[in-house]
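S.K.: The following comprises the amino acid sequence and a computationally predicted model.
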Amino acid sequence: MWEIFLKTLPFFALIGLGYGVARIRFFTPEGTAYLTKFVFYFALSAMLFRFSANLALGDILDWPFVFAYLLGSTVIYVLATSVAMARGLIVAEAAVEAQVAVIGNVGFLGIPMLILLLGEAAIGPVMMVLAVDLIVFGSLIVILITGSRDGRMSLGVFRTVGLGLLKNPMIVSITLGLLVSGLGLPVPAPANEFLQILGAAATPGALFAIGASLATKSAERVAVAGWLSFCKLVLHPAAVAVSALMIFDIAAYPAGVMIAAAALPVAGNVYIIAQHYGVAPSRVSASILISTALSVLTVSGVIAWVTSL
């Protein structure tokens, strides 16, 4: 546990650095926004494209793995939704709380950290978790919020969902990389080196951006945020572990990567969605802040456990 904690510490130290410089206004919110955009559209996309271009679709697509992660996540999604509805919340708010409970920061934190800590063989499993989060749950929250407001499902809702997926650079870069791989197209050495250099900026840039974005968030509605953070950091990886190891009998290594990915703190894009639709942004903000702070210990504990499987 101590050894793993020391390995994860530099990642969280970069987050802390970003938080510190943003808190003293050395790094402005506008600067954070531009850094996040650079990481999201360029550095992380380059990293994902390079990884996927060197993988076959068969190396990534594993349906039992997908269903195991989906089952574990759905259990917590339903639990968080049920608790929210029991508190008298409307469907849109319940959907946002459920999203907080199951969507971890796989893109900005999971990809760089888990691949470095668990090895390059983690690339495929991490990408599958990211794909499920973006395609299934990312679509579901838009459908639930829009559908509950309109009182019905329309083609416009599904058009919005489809366009959102097509415009997501992480999905586009993975798809293009797999297409290059599937067609057997070689990536020229200069292009590969260019992608490697650009992709290398993803890890420090993403972690710094996470920290800087946290500096603008406040811990309001602490009781609710604490419950949602508990769902994300403890219940979600526990449910995924039961699903992967006991129900679907996934091999130890990919199951371990899946569980570690499920243990990650709440993703920043949940706040973007909540803010965009005007649904409980302060609650999401507090959950991101609390879960990220606590994950310094919880993620280390989960990674220490999965590496012993």
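M.R.: Sure, I can see it. Residues are numbered from 1 along each chain as shown.
S.K.: And the helices in the stretch 101-250 of the chain?
M.R.: Remark: helices assigned in the stretch 101-250 of the chain by DSSP state H, counting those that start in this stretch are 111-118, 123-132, 138-150, 155-166, 169-182, 189-200, 202-214, 222-230, 236-241.
S.K.: Which of those comes out lowest on mean pLDDT?
M.R.: When those are ranked by mean pLDDT, helix 155-166 comes last with a mean of 76.
S.K.: Show me what that helix is packed up against.
M.R.: Applying 3 or more Cβ pairs under 8 Å, 6 or more residues apart in numbering; DSSP states H and E, we find helix 155-166 packed against helix 138-150. Every residue, glycine included, has its C-beta placed from N, CA and C.
S.K.: name the helices or strands packed onto the helix it packs on?
M.R.: Applying 3+ Cβ pairs under 8 Å, 6+ apart, one finds that helix 138-150 contacts helix 91-102, helix 155-166, helix 268-277.
S.K.: in the lengthiest helix in the chain, what's buried?
M.R.: The single longest helix within the chain, with elements called by DSSP state H, is helix 281-306. Neighbour-count burial for helix 281-306 flags 281-296, 298-306 (criterion: 16 or more other Cβ atoms under 10 Å).
S.K.: Check what contacts stretch 247-261 and list those residues.
M.R.: Stretch 247-261 is contacted from outside by 62, 64-65, 67-69, 71, 104, 106, 110, 114, 118, 121-122, 124-126, 128-129, 237, 240-241, 244-245, 299, 302-303, 305-307, 309, using Cβ atoms under 8 Å, 6 or more residues apart in numbering.
S.K.: Same question for that stretch: list its buried residues.
M.R.: Neighbour-count burial for stretch 247-261 [16+ other Cβ under 10 Å]: 248, 250, 253-261.
S.K.: Centre of the chain to the host helix or strand of R50, how far?
M.R.: Element membership for R50 (DSSP states H and E) is helix 44-53. Between the centre of helix 44-53 and the centre of its chain there are 16 Å (Cα atoms, centre = their mean, to the nearest Å).
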